[in-house]
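**Student:** Mind folding the following:
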Amino acid sequence: MKNEKIKLFLVDDDALFLKSLEIEFLQHADFAIETFATGELCMKSLSHNPDVIILDYFLDGIDKNAMNGIQTLDKIKAYNQDIPVVMLSSQDKIDVAVSCIHHRAFDYVVKSETAFTRLQKIITTIFRYQKMEKELKWYMERM
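**Tutor:** Numbers count the residues shown, from 1 in each chain. Below is the predicted model:
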């Protein structure tokens, strides 16, 4: 990712929250951001190869028949299991978080006043983890 912007997909049916999250990311780092109000719209754009997806758990605010976050997560992972997906929700129930992780989300964040800070730290962690994986692979290939 030499001098390239991190391509970030934000998926949330709450237009106000989605816009505020987009503004926060644009103000604090050099991201290329695409926003989507439904999982279906996100899926149509996966060929744009996002580096990270932040995905709302509930996505039925606009269309009650829309895919929910877990369904969208499963489809993203079926498309490319290596895309890190961070689930975001107003649900602070442990079983919801465990379910998201079980479906291969990288992490789970509760929507709150600290959500943006947590998301920034998680994105940093994702790239550190990917760097370590590459270094380990390089090392293992030379043994």
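**Student:** Can you point out the buried residues in the top helix by length along the chain?
**Tutor:** Using DSSP state H, we find that the single longest helix of the chain is helix 115-141. Using 16 or more other C-beta atoms under 10 Å as the test for burial, helix 115-141 gives Ala115, Phe116, Arg118, Leu119, Ile122, Ile123, Ile126. Where you see a C-beta, it was placed from the backbone N, CA and C, and this is true even at glycine.
**Student:** Quick one: list the elements packing against it.
**Tutor:** strand 6-11, helix 15-28, strand 52-56, strand 85-89, strand 107-110 (3 or more C-beta pairs under 8 Å, 6 or more residues apart in numbering; DSSP states H and E).
**Student:** name the helices or strands packed onto the fourth one?
**Tutor:** For strand 85-89, the helices and strands in contact under the criterion 3+ C-beta pairs under 8 Å, 6+ apart are strand 52-56, helix 69-79, helix 94-102, strand 107-110, helix 115-141.
**Student:** Export the helices and strands packed on helix 115-141 as TSV, with columns for mean pLDDT and distance to Asn68.
**Tutor:** Output for those, formatted as TSV (pLDDT from 0 to 100; distance: least, C-beta to C-beta, whole Å):
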stretch	mean pLDDT	distance to Asn68
strand 6-11	96	11
helix 15-28	93	16
strand 52-56	98	9
strand 85-89	97	10
strand 107-110	97	14
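**Student:** Pipe these into a markdown table and attach distance to Gly69 per row.
**Tutor:** As requested, the helices and strands packed on helix 115-141 are exported to a markdown table (distance: least, C-beta to C-beta, whole Å):
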| stretch | distance to Gly69 |
| --- | --- |
| strand 6-11 | 8 |
| helix 15-28 | 14 |
| strand 52-56 | 5 |
| strand 85-89 | 6 |
| strand 107-110 | 10 |
